[in-house]
Structure formats: C-alpha cells, structure tokens
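1. missing the sequence, but the structure's below:
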Ligand code: NAD
Ligand code: 6OD
C-alpha cells in the first residue's frame, strides 16, 4: 500500500496515525496518508527556521534562481509521475491535467524566479537640512517561514503558485496540502532533494484543518506569514489564528462568479467559453461561472446551445479516450452538490439538463460522479444563485440592459472573477471597470499571465499575488537611509 509521508528537513517522516487517500473515480484506496500531529508540525517549522539561518539564507539570488529553474526542469523530467499522481488524486481528465496542472506546476517556479531576479527596488536622493545630501534605497528581505495551506481542486498548480514566489523571495515554507490530494506535494519533496534545495527549505505536513495539521500550522508562533487558498469560512478561522502575533495573510477564497453574454457576442465562442467556465474540472474551479446572464434576444438560443454542450460532455476515468469531465473530489462534496441540485428543484427551477447522477459502469459506479446541470427560472434570491456550490452547474437568467447585467453580476458577497462576452470594445471596457472582481476576462476565461495581479475582491480574498505583486506579500520592504 502506498504511503504518503510528511517531508520535514529533507526527510520523509512517517507518523503512527494514518488516514486513507481515495480515488474519486471509483473510491478505491490509493494509499495511506501519515497525519502530522503538533510535534511534527513543530519539527517542520523548526526545520524551516533553521534553513533560513543556513545555506539558503546566505545564498545569492543568482544561485537561488538557478535552483528554482532546476526544480521546474525536474518536475518536467518527471512529468508523467506528477501527472499520474494528480490524476489519481483528483480524477481529472488527462487533457486537463497534462495541459494545465502539471505545466503550471513547473512554470510557477521559473516565472517567479525570473521576476525576483529582474525586479529593481527604488532609490531617492534627498537634500538634508544642513545643506548636504542623503541617499535612500530599498532592500527586499524574506518574511521568514511561510505557512502554505492548500485546497484540492488544482493541487500542484495552486500549491506551487504560492511556494514558487515564496522560495524565489528567499523564504522557507511549510506546506499543508489538502487531505484529499496529498500526492503531488509529497512528490515535490523528492524533486527538492534531487536538485539540491537545502533541507528544511520545503516542508510538507499532512492532515486536516481543525485540531489537525492545518490548525497546528496556522497557530504556530514560528510561522511568520500565512498564504491560504480555500473556502471563505476557512479563511475566517485562519485569520483569527493569524491575529495572534499579528501575522500577515494572503487569502484566495471562494467565489460566485458571473458570466455575462451580450447579444453582440460571437455566439459560438461565447457558448464554448461558458461551457468551460461552468463545467471544466467538474465545476471545481474557484473562477468558475455558476451564474450566467444572457441578453434577452439570444437567451433561448443560448440555453439550448449550452444544454447541447453539457450533454456532450463525456464522464469517465482520466485516461479514457474522449473523456471530458471527471468526478467530484469526494463523497462528502458530492452530497453537498447534490443537495443544491435538490434545493434548486424545491425552489422552483426549470432543470434544463442534468440534476442527478450519471450511470457509470463497473467499479466506476462507486465514484463521485454528478451530471453537468443547467437551471433557469429562479429568482435571484435562490440558494443556488447566492451560495458557492463548486460543482458542474449554472443558472442562466436573461437581462435587458448593460446596467442591469452589471448590477446582477455585482449582487453578491463575493468578488473573484467575471467572464464577459461581447464584440463591442467600448462596452467591454465599461463593464470591466464596473464589475467588482479581482479579474475580469473579456471573450475568454482562465487565461493566465503570471505577471499579472491575481486575487479576489470582497469575500473572495485579501491581497494580490502574481508578478511583482507576489513580492509585496513574500518580502519585507526595508529602507536604508545614508547621510552622505
Ligand atoms: P477548504 O477551505 O475546505 O480547505 C482548504 C485547506 O484548508 C485544506 O488544506 C484544509 O485542510 C485546510 N483547513 C480547513 N480548515 C482549516 C482550519 N481551521 N485551519 C487551518 N487549515 C484549515 O477548501 P477546499 O474545499 O479544499 O477548496 C475549495 C474552496 O477553495 C472553494 O471555496 C473555492 O472557491 C476555494 N478556492 C479559491 C481559489 C482562489 O484562487 N480564490 C482557488 C481555489 C479554490
Ligand atoms: O491560475 C492561478 O494562478 C490561480 N490561482 C488559479 C485559481 C484557480 C481556482 O480554482
């Protein structure tokens, strides 16, 4: 039976306490995860602290950049190992994991290493009261030990999106992967050792949230900053933990994102785009579109076209030819999604398609499958329009004016992302400026340039990461003032 161990100070560490890691496609046991207790978390934080004061802390930026490039190269060399691990843990289709998750896992190390190498700091000359001069210049120092708490939907991608810039800036990390997806974070430990990242720079502790590794890590006074991706409610608990010691947080939280389709949009591209934003990764993307607003003249045609696309999605195991949708992550999450499917019907929705569980053959019948689902006809107060579901589903409603579409999109506590479909450039700019989100895609969705700011407005997050913005969180900017 495969064992997923903690990675502390460059060594794989077993604990007496394990839990099962199960495959979402058929619920088979993939292996046993060694849960870290308070002692292991403490050992990981101490290893990370020691590494800050060792070779890593003294290393030149040039050498650090070389090592992080080597990490990326080694992930690419072991591409298939990472791919198999990610597909087993998540059940996502091969095409998605091989084109998005694993390549981004590698890119996150190179891009941020290059940014850190190339970003200058400011300097100012100033006149002094005695008629002389002083020179001010800024230096960026690592924050210290960073706690990285991760979700399960894009495990390697979202973990390295934090670890890449944290290490590039000279910090050390203790990563707490989701209990649902322990594999790729563990595998990355092998990569770190293989390329010569000093022991203690990258640590992994496995376990759950409350009263387990997640809470032990975020409450640990030796952690200098916490970066977290996950549910807004979990963010609230972590923020309370971070308040002790006044430690900084960077949060990427939940969403209830709108898609807006104007009648002047390229119809086929809009349908293809919303098909992706509503159903990709079985709807388990924080940037996904669970509320779609379509201008009235094309509403009926759009609903019919999206229905056709949803019904054409083929569920199945990651490597089967033609499979385009995987299962949900767990039985528990499936219960949550199905409870919303039932609630939508109770609240009076018209179920355009889906609403249940597909028939799967053999062992796959034990997997966490749900049908891609489209609703119409609900009032904006309905639970499936207000609350994040995180499943392959959306409600579609008509609108009549640009102002109405913007008001509908903004009528939510969340503010992560919007996707807007129009061929009118002026309208695109007007809407993008008024939607209250961290990222607004026009005629596209989940198109990522890692040099840009990423994060959420309102209840969708705190702070921005990406490009130089990551440096704001992962470094402490200091000013040196020299009287000349
Ligand atoms: P989650 O909040 O349940 O768990 C995320 C991580 O937090 C896990 O590792 C979990 O063990 C840990 N955790 C849970 N409780 C904790 C606690 N009290 N203290 C410390 N750690 C704790 O989220 P999830 O179900 O894994 O992921 C889905 C959610 O993540 C959705 O809400 C989605 O929108 C959000 N998400 C947001 C973004 C973004 O960029 N904004 C990206 C991906 C996912
Ligand atoms: O692409 C990224 O950098 C990013 N943070 C994506 C988040 C996806 C949410 O599920």
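-> Structure received. Computed from a prediction, not measured in an experiment: that's the story for all the values here. Numbering: from 1, shown residues only. Ligands and ions are numbered 1, 2, ... in the order given.
2. who in this protein is up against ligand 2?
-> Listed as neighbours of ligand 2 in the chain under the rule CB under 6 Å from any ligand atom: 153-154, 158, 161, 285-287, 448, 454. C-beta here means a position set from N, CA and C on the backbone, and glycine is covered the same way.
3. switch the cut-off to 5 Å
-> Proximity of the chain to ligand 2, by CB under 5 Å from any ligand atom, involves residues 161, 285-286, 448.
4. may I see these organised as TSV, with pLDDT and secondary structure added?
-> Putting the residues of the chain next to ligand 2 into TSV (pLDDT from 0 to 100; DSSP: H, G, I helix; E, B strand; the rest coil) gives the following:
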residue	pLDDT	secondary structure
161	98	helix
285	98	coil
286	98	coil
448	97	coil
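5. find the closest residue to ligand 2 in the stretch 101-250 of the chain.
-> Closest contact between the stretch 101-250 of the chain and ligand 2, by CB to the nearest ligand atom, is at residue 161 (4.6 Å).
6. just want the most central residue of the protein.
-> Geometric centre of the chain, nearest residue: residue 158, 4.3 Å, by CA atoms, centre = their mean.
7. is it true that residue 186 lies in a helix?
-> Yes - counting by DSSP: H, G, I helix; E, B strand; the rest coil, residue 186 is part of a helix.
8. what about it, how many residues nearby?
-> Residues contacting residue 186 under the criterion other CB atoms under 10 Å number 23.
9. show me the helices in the stretch 351-484 of the chain, by range?
-> 383-386, 402-410, 425-434, 467-474 (DSSP state H, counting those that start in this stretch).
10. tell me which parts of the protein are close to ligand 1?
-> With CB under 5 Å from any ligand atom as the criterion, the chain comes near ligand 1 at residues 149, 151-152, 178, 209-210, 214-215, 218, 229-231, 234, 237, 252, 254, 286.
11. weed out the non-buried ones from these.
-> 149, 151-152, 178, 209, 214-215, 218, 229-231, 234, 237, 252, 254, 286 (16 or more other CB atoms under 10 Å).
12. domains in this protein, by residue range?
-> Domain assignment for the chain by automatic domain parsing gives 2-253+460-483, 257-449.
13. from the chain's centre, how far out does the last one sit?
-> The reference is to domain 257-449. Centroid separation for domain 257-449 versus its chain: 18 Å, with CA atoms, centre = their mean, to the nearest Å.
14. same question, the first one
-> Computed by CA atoms, centre = their mean, the separation of domain 2-253+460-483 from the middle of its chain amounts to 13 Å.
15. just the pLDDT for residue 16.
-> For residue 16, the pLDDT comes out at 87.
16. from the stretch 251-400 of the chain, which residue is nearest to ligand 2?
-> residue 286 (3.5 Å).
17. re the thing from before, turn the helices of the stretch 351-484 of the chain into a markdown table, including distance to residue 346.
-> Formatted as a markdown table, the helices of the stretch 351-484 of the chain follow (distance: least, CB to CB, whole Å):
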| stretch | distance to residue 346 |
| --- | --- |
| helix 383-386 | 9 |
| helix 402-410 | 23 |
| helix 425-434 | 33 |
| helix 467-474 | 43 |
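18. what's the most buried one of these?
-> Here the criterion is mean neighbour count by mean count of other CB atoms under 10 Å, and of the helices of the stretch 351-484 of the chain the winner is helix 467-474, at a mean of 21.
19. against which helices or strands is that one packed?
-> Judged by 3 or more CB pairs under 8 Å, 6 or more residues apart in numbering; DSSP states H and E, helix 467-474 is in contact with helix 102-118, helix 155-168, strand 225-229.
20. comparing these, which comes out most buried?
-> Of all those, helix 155-168 has the most neighbours on average by mean count of other CB under 10 Å, namely a mean of 28.
21. what pairs with whichever helix or strand comes after it, parallel or antiparallel?
-> Using DSSP states H and E, the helix or strand that follows helix 155-168 in sequence is strand 172-176. Strand 172-176 has these partner strands in its sheet, going by DSSP bridges: strand 145-149 (parallel), strand 202-204 (parallel).
22. related to what we said a few turns ago, just checking, the residue of the stretch 101-250 of the chain closest to ligand 2 touches residue 467?
-> No - using CB atoms under 8 Å as the test, residue 161 is too far from residue 467 to be in contact (11.9 Å).
23. I'd like the average pLDDT over stretch 198-218.
-> 98.
24. return the set of buried residues in it.
-> Result for stretch 198-218 [16+ other CB under 10 Å]: buried residues 198-207, 209, 212-218.
25. these in strands, which ones?
-> The strands, defined by DSSP state E, take in 202-204 from the buried residues of stretch 198-218.
26. closest to residue 129 among the residues you listed?
-> Nearest to residue 129 among those: residue 202, at 49.1 Å, using CB to CB.
27. which one is the closest one nearest to, not counting chain neighbours?
-> Distances taken as CB to CB, 6 or more residues apart in numbering place residue 192 nearest to residue 202, at 4.6 Å, with adjacent residues excluded.
28. quick one, the helix or strand where that neighbour lies and strand 172-176 angle?
-> According to DSSP H and E, residue 192 maps onto helix 183-195. Interaxial angle, helix 183-195 versus strand 172-176 (axes from the mean of the first three to the mean of the last three CA atoms, to 10 degrees): 150 degrees.
29. rewinding a little: how about the strands paired with strand 172-176 in CSV, adding distance to residue 305?
-> Formatted as CSV, the strands paired with strand 172-176 follow (distance: least, CB to CB, whole Å):
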stretch, distance to residue 305
strand 145-149, 39
strand 202-204, 44
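30. of all the ones you listed, which one is nearest residue 421?
-> strand 145-149 (34.4 Å).
31. follow-up on the earlier one: and the residue of the stretch 251-400 of the chain closest to ligand 2, what is it in contact with?
-> Contact analysis of residue 286 by CB atoms under 8 Å, 6 or more residues apart in numbering lists 153, 229, 252-255, 416-417, 460.
32. ok, now with 10 Å
-> Counting by CB atoms under 10 Å, 6 or more residues apart in numbering, residue 286 touches 151, 153-154, 158, 229-231, 252-255, 257, 388, 390, 414, 416-417, 456, 460-461.
33. just these: which are in strands?
-> Per DSSP E, the contacts of residue 286 map to strands at 229, 252, 257, 414, 417, 461.
34. could I get those as a markdown table with pLDDT?
-> Listed next are the ones in strands among the contacts of residue 286 as a markdown table, based on pLDDT from 0 to 100:
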| residue | pLDDT |
| --- | --- |
| 229 | 98 |
| 252 | 98 |
| 257 | 98 |
| 414 | 98 |
| 417 | 98 |
| 461 | 98 |
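35. now, the most widely separated pair of the residues you listed?
-> 229 and 257 (15.5 Å).
36. beta partners of residue 135?
-> Under the criterion used (DSSP bridges), residue 135 bridges to residue 125, residue 482.
37. that one: neighbour count?
-> By other CB under 10 Å, 13 other residues sit near residue 135.
38. thanks again, I'm all set now.
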